[in-house]
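Chemist: Sequence plus the predicted model coming up.
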Amino acid sequence: MVTTLKEFVTQVQVEPESADKKKKIGIIGGTFNPPHVGHLIIAEQVTDKLGLDKVYFMPNAKPPHIDTKEAIDPIDRARMVQAAIAGNSHFDIELLEVQRGGKSYTYNTMLQLTIEHPNYDYYFIIGGDEVAYLNTWYRIDDLLHLVKFVGVNRPGQSRESVYPVLWVDVPNLAISSTDIRQRITHHKSVRYLVPDLVAAYIVENGLYLNDR
């Protein structure tokens, strides 16, 4: 399926905002290469335990990490996210970083989003293992004025941080996008590791067959 970014963006419906009260909005960012059930469980658990109005899945265009991940086209990743969240009214997709292109820095993204949506209180969801590296994030002190960090905690992980973090416990599922890509490359089943619509998209578009 060949679709331009502009065509894809126009297909994503944007809900009208209400100015009556502040909304609690979660953001879960990542490469989503591909999105899997672990991402969905994390978003659902955080939504339930913090009473969020909605969680936006935000695929990046190009990860800013030093050890840059090889990722497939952002349109494919965004389409898989859209397929993964289908049917859950509390989930939606945020395409800002894909539209902007280039390296995705959370501070730049959240600054723009807070300007565009002043009635949103943002909760930025990260893995518990990422909390220890917050000091390396671009303009982290300024970012703390824009979002509340939510650390997804798994058994055995430390909750210590010099930064304010809301902690949410989630089931400990050992599922990773890397493992899923390797399974697909070696023609092994990924059923129940990714949603059915994501699996169908991967097959239809021949993704990850040459992944290393």
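Modeler: Structure received.
Chemist: tell me which element the residue nearest the centre of the chain is part of?
Modeler: Taking Cα atoms, centre = their mean as the criterion, residue 29 is the residue nearest the geometric centre of the chain, at 3.0 Å. Assigning secondary structure by DSSP states H and E places residue 29 in strand 23-30.
Chemist: repeat for residue 203
Modeler: Per DSSP H and E: residue 203 is located in helix 196-205.
Chemist: For the longest helix belonging to the chain, name the packing helices and strands.
Modeler: If you go by DSSP state H, the chain has its longest helix at helix 37-50. Packing partners of helix 37-50 (3 or more Cβ pairs under 8 Å, 6 or more residues apart in numbering; DSSP states H and E): strand 23-30, strand 54-59, strand 120-127, strand 147-153, strand 165-169. C-beta here means a position set from N, CA and C on the backbone, and glycine is covered the same way.
Chemist: Would you confirm that residue 129 contacts residue 159?
Modeler: No - contact between residue 129 and residue 159 fails when scored by Cβ atoms under 8 Å: they sit 11.7 Å apart.
Chemist: Check the gap between the residue nearest to the centre of the chain and residue 186 for me.
Modeler: As judged by Cβ to Cβ, to the nearest Å, residue 29 and residue 186 stand 29 Å apart.
Chemist: who touches stretch 187-198?
Modeler: Outside stretch 187-198, the residues that touch it by Cβ atoms under 8 Å, 6 or more residues apart in numbering are 34-37, 40, 80, 83-84, 86, 175, 180, 183-184, 199, 202.
Chemist: ok, 6 Å please
Modeler: Under the criterion Cβ atoms under 6 Å, 6 or more residues apart in numbering, residues 34, 36, 80, 83, 84, 175, 180, 183 lie in contact with stretch 187-198.
Chemist: wait, isn't the fifth one in contact with residue 36?
Modeler: Looking back up the chat, that one is residue 84. No - between residue 84 and residue 36 there is no contact under Cβ atoms under 6 Å: 7.9 Å.
Chemist: between those two, which one's more packed in?
Modeler: For residue 84 versus residue 36, the count of surrounding residues by other Cβ atoms under 10 Å is larger for residue 84: 26 against 23.
Chemist: for this protein, what helix or strand is lowest in average pLDDT?
Modeler: helix 5-11 (a mean of 62; mean pLDDT, DSSP states H and E).
Chemist: Go through the host helix or strand of residue 142 and flag the buried ones.
Modeler: Per DSSP H and E, residue 142 falls inside helix 140-143. Across helix 140-143, burial judged by 16 or more other Cβ atoms under 10 Å covers residue 143.
Chemist: likewise stretch 168-177?
Modeler: 168, 170, 177.
Chemist: May I see those residues organised as CSV, with distance to residue 109 and pLDDT added?
Modeler: Formatted as CSV, those follow (distance: Cβ to Cβ, whole Å; pLDDT from 0 to 100):
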residue, distance to residue 109, pLDDT
168, 22, 94
170, 24, 90
177, 21, 94
